[in-house]
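Participant: take a look and give me a structure for this.
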Amino acid sequence: MNNKNYLTSLALLLLISTHSICAQNNTNSSNQIKNLISKKRTFNSKFGYGFRVQIFYGEETKAKSVQNKFKANFPSIYTKLDYDQPYWKVQVGNYKTRLEADKAMVSFSEKFSGIIVIPLGK
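Facilitator: Predicted structure coming up:
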């Protein structure tokens, strides 16, 4: 009699666990989830993702001078010189999160002033 109760309890437990697994699979295919994924893809295609630290915004000769100074102080970090009419921007680094960019900005602030973190756009 005791074995019969044990087997019944085990069968009931297996039935409940398989039901919860199926419920999780149904949740992932709901229209709300698909809609959220679509919105996220649209946002990423419009705004991109990632961050850079902008260390200078101004005239060309000064921008090139700041870029060379940065390369001398931080040779392993990527630098980019960009033209946004009528000014030039010096942007450095490729960071996935804002937190990483903020940490880098703190280390750069010892040698450069007026720096900001900017999100990357496409």
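
Participant: please list the outside residues in contact with the helix or strand hosting residue 90.
Facilitator: For residue 90, the host element (DSSP states H and E) is strand 87-95. Outside strand 87-95, the residues within contact range by CB atoms under 8 Å, 6 or more residues apart in numbering are 50-60, 63-64, 66-67, 70, 74, 77-83, 101, 104, 108, 118. No exception for glycine: its C-beta is placed from N, CA and C like everyone else's.

Participant: what do you get if the cut-off is 7 Å, keeping everything else the same?
Facilitator: 50-60, 63, 66-67, 70, 77-82, 101, 104 (CB atoms under 7 Å, 6 or more residues apart in numbering).

Participant: go through it and flag the buried ones.
Facilitator: Neighbour counts using 16 or more other CB atoms under 10 Å place 88, 89, 90, 91, 92, 93, 95 of strand 87-95 among the buried residues.

Participant: which residues does the fourth one form a beta bridge with?
Facilitator: Think residue 91. Beta-bridge partners recorded for residue 91 (DSSP bridges): residue 54, residue 80.

Participant: where does it land on pLDDT?
Facilitator: Per-residue pLDDT puts residue 91 at 95.

Participant: the last one too?
Facilitator: Note on residue 95: pLDDT of 92.

Participant: for residue 15, see how far away it is.
Facilitator: 49 Å (CB to CB, to the nearest Å).

Participant: before we move on, back to that, starting at the chain centroid, how far to the strand holding residue 90?
Facilitator: Using CA atoms, centre = their mean, to the nearest Å, the distance from the centre of strand 87-95 to the centre of the chain it belongs to is 17 Å.

Participant: the inter-axis angle of the next helix or strand after it versus strand 87-95?
Facilitator: Next along the chain after strand 87-95, taking DSSP H and E as the criterion, comes helix 98-108. Orientation check (axes from the mean of the first three to the mean of the last three CA atoms, to 10 degrees): helix 98-108 against strand 87-95 gives 120 degrees.

Participant: pull out the buried positions in helix 98-108.
Facilitator: So for helix 98-108, counting by 16+ other CB under 10 Å, buried means 100, 101, 104, 105, 108.
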